[in-house]
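>>> When you get a sec, could you give me coordinates for this:
(chains A and B)
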Protein chains: 2
Amino acid sequence: MTPELPTPRVTVDADVLERNLQAMATRAAARGLALRPHAKTHKCLEIARRQVELGAAGLTVATIGEAEVFAGGGLDDLFLAYPIWPSPQRAARLRALAGRVALRVGVDSVASAEALGRAVPGLEVLVEVDSGHHRSGVQPRSAGEVAVAADRAGLRVRGVFTFPGHAYGPGRQRPAATEEAAALTEAADAVTAAGLDAGVRSGGSTPTATFTGVAAAPGAQGAPTSPGTPTSPGALTEMRPGVYVFGDAQQLELGTCDWTEVALTVASTVVSRSGPKVILDAGSKVLGADHQSWTTGFGRLLDHPDARITALSEHHATVLFPDGAPVPSLGEVLRVVPNHVCATVNLADELLVLSEGTQVDRWPVAARGANT
Amino acid sequence: MTPELPTPRVTVDADVLERNLQAMATRAAARGLALRPHAKTHKCLEIARRQVELGAAGLTVATIGEAEVFAGGGLDDLFLAYPIWPSPQRAARLRALAGRVALRVGVDSVASAEALGRAVPGLEVLVEVDSGHHRSGVQPRSAGEVAVAADRAGLRVRGVFTFPGHAYGPGRQRPAATEEAAALTEAADAVTAAGLDAGVRSGGSTPTATFTGVAAAPGAQGAPTSPGTPTSPGALTEMRPGVYVFGDAQQLELGTCDWTEVALTVASTVVSRSGPKVILDAGSKVLGADHQSWTTGFGRLLDHPDARITALSEHHATVLFPDGAPVPSLGEVLRVVPNHVCATVNLADELLVLSEGTQVDRWPVAARGANT
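Below is the predicted model of the structure:
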């Protein structure tokens, strides 16, 4: 019997995690795509190293701080998929990183390309394009212009990238993957037409991972492809899913993972109980407050798929059980599947690693809070 | 000129903070209420000590972990406003705490009172009642039953408490304060009728703070009070606001703080820009993802009250500026007012303390992540 640990605590099922890591590695290999997992999800050196052992080309990171942590842990090929603005301190940190590891960063404007070129000469960059998420990134047709500015500024252009974040919505995964492929193709063509290297065409997310590299199925299956349609599966050379390592309630509700693929849960105690309602001691300060309009609540319960988390405050999750269902007792420990696992990990100092219910390890969340 | 610091960074205006601390201390004193600020908002020893210097009766905390941090920092009168379930490790921690500081905890059921009495004999408790927020807490009429169970179990009953969280909504502050006063009065009457001590009647939140202790204004002003109406201002003896120290965008939008009372902002860099839209490098991993249906977005900008944060991802805030307004440049640093400041602080390792724009101190977020 494991000694009692405090709740709420963040636990990882090592066996489910390993299956998830292997499945995505196999999928990427089968499609001829480089896999560069986004490490912002797990922030753990142990998982990053296993991803590379299983064939990942390198890691994706979101911040210079994350890049510093993973570089310090021996991960030597990092893509900072973010439109970096090179203030003096950021530029100094980027120069230091580029001297230690293979580093690429994102760029999404002529102005930032020029600033980045002055600040970190010779840095490798990918031009970020907007494939429909409408966050950062230029329109695909403008990728050539940014690439030319980057090249003139002394950066080394290596290709284009996008994040199809608009795949986060019911039924949006296939269309978003198709739009992603089209955007990367158009952007790569623009960069190539400008005489520059578009060898890397990087996209992907966990919701689109089923379709990445096979989005233009009619063409891939030999059906006629009219001019201008996506040239997938050749459109992408690299995929960057993150959440697949753990799964979460958003992925469950999108249908992009199933219950057997959920590797991370938050063990939480029933502290109050009234009729079909219980209060758990895991709130937004542990789970994160992410709540998209299309989710059914603020997370799910791994062992009670019909229950719903109807409200979340900082230290309370309000859970409703369906009519007639047995309601857990005071003091019972339940496993919460957070809505958005990246937020949960960023709130934890360590992950308790279990195998068949027994604790086998503790992994520090090495890049927790590395948000600058 | 201060050397450049990374963004996103969490900064506190010490002068605004001091004014906020003094104003609430003055308000509580003027109403004859004990002030027991909720320390979950700031999680900082420096602010806790200043609250006590200004007359606070003690602190409120949300978790045993927070209580341990503040006890370790010399704060010696703590109310753990939470329905604790005393598992063996929690009971041991509570016994240790009760030996170091004046400690009270919440209890909201007969079963948890009995368990708590066995686990931590002699512990002081307040019975939690539901005043309309419908989270934890018993119905006010049941407070006597829980108090009797607590007393029989060997706990020392000291009164009742509630959290009027249903004040978080437009126009809800005065009605919630009235309901709070009524619930505490009914609960205290039930405890007194059972022959037990209801000397502490503790409520309050930042949204209700304007009305706490004066909710039943007609009675207070000498107008006739029909039987059964709240007996405020005497209903409460203690108030527990938390957010007032910093303010946040939720309070701005509720009208319960004004722009001059916002003490905490997140300095964030413009990293991408397109038409009226800019992307800032502060996302949900720094600001928190809290987004109530009645807020206008995911936070506000202190220096651009007409701009709106229309989307938030982990490391990107999408900000829209109104038609014709000047749009900040790439690299410019803006001050974001988070929606819910408690979440922001819990994501930060330290607060940079400014006075008139110059850094004067750094305060560790001592209780960051102390969520068990």
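>>> And chain B, is stretch A:146-153 touching that?
No: for stretch A:146-153, no contact with chain B is found by CB under 8 Å from any CB of the partner chain; the gap never falls below 11.6 Å. The way it works is simple: take the backbone N, C-alpha and C, and place the C-beta from them, glycine included.
>>> Any idea how far that stretch is from the middle of the chain?
28 Å (CA atoms, centre = their mean, to the nearest Å).
>>> contacting residues for the nearest residue to A:A91 once chain neighbours are set aside?
Using CB to CB, 6 or more residues apart in numbering or on different chains and skipping the chain neighbours, the partner closest in space to A:A91 is A:A119 (3.5 Å). Counting by CB atoms under 8 Å, 6 or more residues apart in numbering or on different chains, A:A119 touches A:86, A:88, A:90-91, A:94-95.
>>> roughly how far apart are A:A119 and B:G297?
Using CB to CB, to the nearest Å, we find A:A119 at a distance of 32 Å from B:G297.
>>> Same check on A:T310?
23 Å.
>>> Those two: which has the busier surroundings?
Legend: neighbour count by other CB atoms under 10 Å in any protein chain shown for A:T310 and B:G297, higher for B:G297 (20 against 13).
>>> Would you write a ChimeraX line that selects the buried entries of the contacts of A:A119?
A single ChimeraX command selects the buried members of those (16 or more other CB atoms under 10 Å in any protein chain shown):
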select /A:86,90,91,94,95
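>>> which one of the contacts of A:A119 sits closest to B:L45?
A:R90 (31.4 Å; CB to CB).
>>> Need phi/psi at the closest residue to the closest one other than its chain neighbours.
Distances taken as CB to CB, 6+ apart place A:I64 nearest to A:R90, at 6.1 Å, with adjacent residues excluded. Backbone torsions of A:I64, given as degrees, to the nearest 10, read phi -60, psi -40.
>>> Now do the contacts for A:I64.
Counting by CB under 8 Å, 6+ apart, A:I64 touches A:80, A:84, A:90, A:93-94, A:97, A:372.
>>> before we move on, what about A:D15?
Residues counted as contacts of A:D15 (CB under 8 Å, 6+ apart) are A:355-356.
>>> got the residues of the stretch 151-300 of chain A near chain B?
So far as CB under 8 Å from any CB goes, the stretch 151-300 of chain A lies against chain B at A:165, A:269-273, A:279, A:281, A:284-286, A:288-291.
>>> Which of those fall within strands?
Using DSSP state E, A:269-273, A:279 are the members of those that sit in strands.
>>> most neighbours, which of those?
Most surrounded of those: other CB under 10 Å gives A:I279, at 28 neighbours.
>>> So in chain A, where's the weakest helix or strand by average pLDDT?
When each helix and strand of chain A is scored by mean pLDDT, DSSP states H and E, helix A:217-220 comes last, with a mean of 42.
>>> ok, then the element right after that helix?
For helix A:217-220, the following helix or strand on the C-terminal side (DSSP states H and E) is strand A:238-239.
>>> In the sheet, which strands lie alongside that following strand, parallel or antiparallel?
Here strand A:238-239 has these sheet partners by DSSP bridges: strand A:34-35 (parallel), strand A:200-203 (parallel).
>>> Give me whichever of those is most buried.
strand A:200-203 (a mean of 26; mean count of other CB atoms under 10 Å in any protein chain shown).
>>> Pull the residues that contact that one.
Counting by CB under 8 Å, 6+ apart, residues outside strand A:200-203 touching it are A:36, A:79, A:81, A:104, A:126, A:131, A:158-164, A:180-181, A:184-185, A:187-188, A:212, A:235-240.
>>> CA-only coordinates of that strand, as CSV, when you get a sec.
The C-alpha coordinates for strand A:200-203 follow below in CSV (Å, rounded to 0.1, in the frame of the first residue of the first chain):
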residue,chain,number,x,y,z
VAL,A,200,10.4,22.4,-43.8
ARG,A,201,6.7,22.6,-43.9
SER,A,202,5.6,22.1,-40.3
GLY,A,203,2.1,21.9,-39.0
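>>> Determine how far that strand lies from the middle of the whole chain.
Distance, centroid of strand A:200-203 to centroid of chain: 15 Å (CA atoms, centre = their mean).
>>> mean confidence for that strand?
Averaged across strand A:200-203, pLDDT comes to 98.
>>> Could you do stretch A:123-130 as well?
Stretch A:123-130 comes out at a mean pLDDT of 98.
>>> Hmm, A:G283 is touching A:H316, no?
Yes: if you go by CB atoms under 8 Å, A:G283 and A:H316 touch, sitting 5.2 Å apart.
>>> could you pull out the strands for the stretch 101-250 of chain A?
A:102-107, A:124-128, A:156-161, A:200-203, A:238-239 (DSSP state E, counting those that start in this stretch).
>>> Which residue, other than its chain neighbours, is closest to the residue positioned nearest the centre of chain A?
Per CA atoms, centre = their mean, the C-alpha nearest to the average position across chain A is that of A:G242, at 2.8 Å. Nearest residue to A:G242, sequence neighbours excluded (CB to CB, 6+ apart): A:H38, at 3.1 Å.
>>> and A:R19, which of the three is it?
Using DSSP: H, G, I helix; E, B strand; the rest coil, the structure places A:R19 in helix.
>>> now A:T344: how far from A:A81?
21 Å.
>>> Those two: which is more packed in?
Higher neighbour count among A:T344 and A:A81: A:T344, with 28 against 23, using other CB under 10 Å.
>>> Spatially nearest residue to that one, not counting backbone neighbours?
Distances taken as CB to CB, 6+ apart place A:P338 nearest to A:T344, at 4.2 Å, with adjacent residues excluded.
>>> And A:G369, by the same measure?
Among residues not flanking A:G369 along the chain, B:D349 sits closest, at 5.6 Å (CB to CB, 6+ apart).
>>> ditto for A:V360
A:V353 (5.5 Å).
>>> Confirm that neighbour sits in a helix?
No: checked against three-state DSSP, A:V353 lies outside a helix; its state is strand.
>>> Which residues are in contact with it?
Here A:V353 is in contact with A:11-12, A:14, A:359-363 (CB under 8 Å, 6+ apart).
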